[in-house]
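*Asks:* quick one: sequence and predicted model below, then my questions.
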Amino acid sequence: KCKLFDNDVDKDIYHCDDCGLCRLGKRENFTHCARCHGCIESTFFPKHRCLEGSLDANCPICGDQLFSSVMPVMFMRCGHAIHSLCLSQYSRDSYQCPVCCKSLGDMSSLNRNIDTVLSMSRMPPEYEQVKAEILCNDCERRCVTKYHFLYHKCVYCGGYNTKLIKSFSAEQEKSVLQ
């Protein structure tokens, strides 16, 4: 249908009528998702978090179009799509989705390690009563927690993937919570 010709007889290529183009791989290994607007490996399809038109975007790392890409595309836990190779390289240095900042994987082990480090360190006396208003990137909730120079723990999900909104003294806490 696409008039695509390739001399490599070992290369598997199939046409997806819903996508309107030919894709690399065996047809039986892929399922088309009408919401994502693309073909997803069948093993990942039941578990993928579908975001409307997520394949109609560009890769957040290399900037190439995802829908017509010949490079393998995968979905992160948050539902955003990215080239598999780009994610592999990006995740060496970062633990957050480059689009929405949600954690890329299970952070419970890292959170326990941070808990241990923080329990062994004390803040200077002038900071012991300081509070922090934070936004959690993972559960998307705002809360007030103890201020620290390095980490702020979400009181709802227990994670440290947070952003400091502002810090304030314990006396100022009542006005922040209103």
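*Replies:* Happy to help now that I have it.

*Asks:* pretty sure residue 74 sits against residue 85.
*Replies:* No - if you go by C-beta atoms under 8 Å, residue 74 and residue 85 don't touch, sitting 9.8 Å apart. Backbone N, C-alpha and C define where each C-beta goes, glycine included.

*Asks:* which stretches in this protein count as helices?
*Replies:* Along the chain, counting by DSSP state H, helices occupy 84-90, 108-119, 173-177.

*Asks:* what's the most buried one of these?
*Replies:* Burial of the helices of the chain is given as mean neighbour count (mean count of other C-beta atoms under 10 Å); helix 84-90 ranks first at a mean of 15.

*Asks:* list the buried residues for stretch 132-143?
*Replies:* 132, 133, 134, 135, 136, 137, 138, 139, 143 (16 or more other C-beta atoms under 10 Å).

*Asks:* count of residues packed around the closest residue to the fourth one other than its chain neighbours?
*Replies:* Right, residue 135. Nearest non-adjacent residue to residue 135, counting by C-beta to C-beta, 6 or more residues apart in numbering: residue 163, 4.9 Å away. Residues near residue 163, counting by other C-beta atoms under 10 Å, number 12.

*Asks:* excluding its backbone neighbours, what's nearest residue 59?
*Replies:* residue 83 (4.8 Å).

*Asks:* beta-bridge partners for that neighbour, please?
*Replies:* residue 73 (DSSP bridges).

*Asks:* burial measure for it, as a count.
*Replies:* Residue 83 has 20 nearby residues by other C-beta under 10 Å.

*Asks:* that one and residue 69, how far apart?
*Replies:* 7 Å (C-beta to C-beta, to the nearest Å).

*Asks:* so what sits against both of these two?
*Replies:* residue 59 (C-beta atoms under 8 Å, 6 or more residues apart in numbering).
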